[in-house]
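[1] Sequence and predicted structure are below.
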Amino acid sequence: MVDNYKIDGYSWFNNGGDKLLHNDQIIKTFYNVKTYDSTLGKLITSKDFKKEIYMLPNKKPPYLIHYTSSLENVVIGPHGNVKNKEGAENYVPTKPSTIKAIKEKLTQTGQPVAIYTNYEAENKPRNKKQIRNLNYVSKNCF
């Protein structure tokens, strides 16, 4: 199962879950957004913007994703491990479906750079190094 619904451009803190309806037929998970605090230089959990995901007990699609509150005070920041946070770009993870497709293409061709140049802009991996890393892992693990 590919979890693209988790990648929406924001960082989230899982704030727990609950089971709803008779006989626990729906699972509800609560999330608070992580916003970048430039004075602290890190992501902090904020209650300004929330996400709720409703799913069936088998955790397979369909999902209902409900966003509440306002985006006014939410600031997307750089990755937590970046050294120069001031000049860094905002971090957005690569979609799981893109990573899965890259791994499949790498097993067929084994040419990371050729795969990178043939991707459309929306689902493009972060950079060539990400594909090389996936290639290395697929060859040397398991």
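    Yes, it's here. All of these numbers come straight from a predicted model, not from anything done at the bench.
[2] what about the helices in this structure?
    Per DSSP state H, the chain carries helices over the ranges 96-108, 112-117, 128-140.
[3] ok and the first one relative to helix 128-140, angle-wise?
    Helix 96-108 runs at 60 degrees relative to helix 128-140, counting by axes from the mean of the first three to the mean of the last three Cα atoms, to 10 degrees.
[4] For helix 96-108, enumerate the helices and strands it packs against.
    Packed against helix 96-108 by the contact rule (3 or more Cβ pairs under 8 Å, 6 or more residues apart in numbering; DSSP states H and E) you find helix 112-117, helix 128-140. All C-beta atoms are positioned from the backbone trio N, CA, C, and that covers glycine.
[5] Which of the residues in it are classified as buried?
    Residues of helix 96-108 classed as buried: 98-99, 101-102, 105-106 (neighbour count, 16 or more other Cβ atoms under 10 Å).
[6] and these as TSV, adding pLDDT?
    What follows is the buried residues of helix 96-108, written out as TSV (pLDDT from 0 to 100):
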residue	pLDDT
98	82
99	83
101	83
102	83
105	82
106	81
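[7] of all the residues you listed, which comes closest to residue 7?
    Nearest to residue 7, judged by Cβ to Cβ, of these is residue 98 at 9.3 Å.
[8] Name whatever forms a beta bridge with the closest residue to residue 71 other than its chain neighbours.
    Nearest residue to residue 71 in three dimensions, chain neighbours excluded: residue 49, at 5.8 Å (Cβ to Cβ, 6 or more residues apart in numbering). Following DSSP bridges, residue 49 is listed with bridge partners residue 69.
[9] What score does residue 49 have for pLDDT?
    Looking at residue 49, its pLDDT reads 92.
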